[in-house]
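**Student:** got a sequence here, can you model it:
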Amino acid sequence: MKKKAIWLIALLCVGLCFLFWQKSRLTAQISERLAQQHIQVAKVESQLFPAQLSLHNVKFQQKARWFFFEKIVLELNPTALLGGELKLNEIQLHNGNIANSQWQGLNVSLKPTALSWQDVAHLLNALPQNAPLNLQKPVQMAFSAQATRAASQIQLQGNVRLSQNGLAFEQLAGQWQFERPLYGDVKTMALQLKQGHLRSEAQGETNRYQLDFTDLSINQIPFSQGKILLEFQPHFINGKLTLAPQGNVDFQFYQQPDRVQFSAQNIAIEQWLTLFKLPVLATGQAQLKGKVALVDQQIEQGQASLQIANGKVKNVNLLAIVAQRLPINYDSTRLQNMDSPFEQLTAQLIWDQQKMQWQNLQLRDPYFQLTGEGTVDQVSQQCDFLVNLNLREKKYQNFRLPLHFFGDCHSPQYKIESTQGLKKQLKDLFKQRLSR
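**Tutor:** Next up, the predicted model:
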């Protein structure tokens, strides 16, 4: 019995000695590799229970930008360590920040299924140079990340697969929370992504990224599939969002001051209005071109030209209003609809944090034309529009119906602005009909 106990103690001592030797060897290897890649580390600490290495005050450069981490912890696989292999169970990056960037307080956790020391060496070689990953085989891992930017916080989590072809994401979930509303009362942008694939390319001072995605939703608004192209220049970012089959958006982001210029083609306007919690006044495929100014991560003001073809005005039947006042010929089935189909709608949109103005509003329908202007209160969802309806039928072409729409944008009320003027128009119209 005593012999067995002695043998067991001896084996444990040998195992511990081997583990300590492996740990010391790994510490020396990683210190050498970090020095080769010009990654500065103030101190490397190691411990056996749990088996991990801690790198303190890590600093490295990627292109012209410096990255700092207060601490990086490498948790080792003890079973692999006993077998003479070096594999990582988890990588933790604590309290990081990026020079000349507003992103601070970066914390990342990576839990790979099988990440060898050779893979780490390839990653260390590629990271400072923004070079392609040269992995022996794809590496899968679960990850979570948090960061702060000024008065906002962002969180991401999901599964990622690293390979020579880039990064593949699965079941990605994220949330960007703002201390003050981005616009109106939008204080959160929540993201869900079923699948995505990120590729990168560097040419001189330009870095290009392409993210292909499937089943993306933002604030529960679905965007089935598409891709995002980003081109980072020294002083601005060029971007293109392509949504199949929901149109595309070209944009440029500039800093100092922060501003965005954009041009959208064939987008589903109701999706974007809903995304920003704005009343859906009209639906259809829209063309938009404009610019937005941002201050402290808030949309301070913006303007855009809007054009929608073959859409609908929501929650208002304009034809029913006209038909009650004039004996015109019309399709009676259209009176049963709550919405108003139109051939074309154009407007100039101007907005700030409180209101959106619809200026130079023009709408064309087979029976009438509408012109006017109005405002939408972003928070209370109240609308106030003054418009004129002109009939397109030749015998009524001089007839004008002035309308005032007001109240809840989702179920607006209306009244005729000048009943005396309307009576006079009708009287003149009947005189013309009788004189014939």
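**Student:** how about the strands of the stretch 1-150 of the chain, start to end?
**Tutor:** 40-47, 52-62, 65-76, 87-98, 103-112, 115-116, 139-149 (DSSP state E, counting those that start in this stretch).
**Student:** which parts of this structure belong to which domain?
**Tutor:** Listed by automatic domain parsing, the domain ranges of the chain are 23-164, 278-436.
**Student:** weakest of the strands of the stretch 1-150 of the chain by average pLDDT?
**Tutor:** Of all the strands of the stretch 1-150 of the chain, strand 115-116 carries the lowest average pLDDT, namely a mean of 73.
**Student:** which one of the strands of the stretch 1-150 of the chain lies closest to residue 320?
**Tutor:** Set against residue 320 and scored by C-beta to C-beta, the strands of the stretch 1-150 of the chain come closest in strand 139-149, at 49.8 Å. Where C-beta positions appear, they are placed from N, C-alpha and C, glycine not excepted.
**Student:** run through the neighbouring helices and strands of that closest one.
**Tutor:** strand 103-112, strand 152-163 (3 or more C-beta pairs under 8 Å, 6 or more residues apart in numbering; DSSP states H and E).
**Student:** as TSV, these with distance to residue 35 and mean neighbour count would be great.
**Tutor:** Shown next, in TSV, are these (distance: least, C-beta to C-beta, whole Å; neighbours: other C-beta atoms under 10 Å):
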stretch	distance to residue 35	mean neighbour count
strand 103-112	23	17
strand 152-163	24	17
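**Student:** how about those in TSV, adding distance to residue 92?
**Tutor:** Output for the helices and strands packed on strand 139-149, formatted as TSV (distance: least, C-beta to C-beta, whole Å):
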stretch	distance to residue 92
strand 103-112	5
strand 152-163	14
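**Student:** rewinding a little: deepest-packed of the strands of the stretch 1-150 of the chain, please.
**Tutor:** strand 115-116 (a mean of 22; mean count of other C-beta atoms under 10 Å).
**Student:** mind giving me the packing neighbours of that one?
**Tutor:** Looks like strand 115-116 contacts strand 87-98 (3+ C-beta pairs under 8 Å, 6+ apart).
**Student:** what's stretch 234-245 in contact with?
**Tutor:** Residues outside stretch 234-245 that contact it (C-beta atoms under 8 Å, 6 or more residues apart in numbering) are 205, 223-231, 248-255, 267.
**Student:** can you list the buried residues in whichever strand or helix holds residue 390?
**Tutor:** Take DSSP states H and E as the rule and residue 390 turns out to sit in strand 382-391. With burial defined by 16 or more other C-beta atoms under 10 Å, the residues of strand 382-391 counted as buried are 382, 383, 384, 385, 386, 387, 389, 391.
**Student:** looking at these, which is nearest residue 197?
**Tutor:** Among the buried residues of strand 382-391, and counting by C-beta to C-beta, the member closest to residue 197 is residue 383, at 42.3 Å.
**Student:** as JSON lines, the domains of the chain with distance to residue 217 would be great.
**Tutor:** Below are these laid out as JSON lines (distance: least, C-beta to C-beta, whole Å):
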{"stretch": "domain 23-164", "distance to residue 217": "14"}
{"stretch": "domain 278-436", "distance to residue 217": "18"}
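**Student:** worst average pLDDT in those domains?
**Tutor:** domain 23-164 (a mean of 78).
**Student:** who does residue 262 form a beta bridge with?
**Tutor:** residue 251, residue 290 (DSSP bridges).
**Student:** quick revisit: residue 178 is nearest to which of the domains of the chain?
**Tutor:** Nearest of the domains of the chain (C-beta to C-beta): domain 23-164, 4.7 Å.
**Student:** tell me who's in contact with residue 368.
**Tutor:** Applying C-beta under 8 Å, 6+ apart, the residues contacting residue 368 are 318, 319, 322, 389, 390, 391, 392.
**Student:** need these in a markdown table (columns: distance to residue 49).
**Tutor:** Formatted as a markdown table, the contacts of residue 368 follow (distance: C-beta to C-beta, whole Å):
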| residue | distance to residue 49 |
| --- | --- |
| 318 | 76 |
| 319 | 79 |
| 322 | 82 |
| 389 | 81 |
| 390 | 84 |
| 391 | 86 |
| 392 | 84 |
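**Student:** residue 175 versus the residue most central in space within the chain, what's the distance?
**Tutor:** Central residue of the chain (C-alpha atoms, centre = their mean): residue 218, 6.8 Å from the mean position. Residue 218 sits 11 Å away from residue 175, going by C-beta to C-beta, to the nearest Å.
**Student:** what is in contact with the two at once?
**Tutor:** 189, 190, 191.
**Student:** want to try JSON lines for these, with pLDDT and neighbour count as columns?
**Tutor:** Formatted as JSON lines, the shared contacts of residue 218 and residue 175 follow (pLDDT from 0 to 100; neighbours: other C-beta atoms under 10 Å):
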{"residue": "189", "pLDDT": "91", "neighbour count": "16"}
{"residue": "190", "pLDDT": "94", "neighbour count": "15"}
{"residue": "191", "pLDDT": "92", "neighbour count": "16"}
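**Student:** now flag whichever of the residues you listed is closest to residue 77.
**Tutor:** residue 191 (32.2 Å).
**Student:** ok, residue 91 touching residue 69?
**Tutor:** No. With contact defined as C-beta atoms under 8 Å, residue 91 does not reach residue 69; the gap is 11.0 Å.
**Student:** what ranges do the helices span in this protein?
**Tutor:** For the chain, the helices defined by DSSP state H occupy 2-36, 78-82, 117-126, 269-275, 318-323, 419-435.
**Student:** give me the buried positions along the fourth one.
**Tutor:** Meaning helix 269-275. 269, 270, 271, 272, 273, 275.
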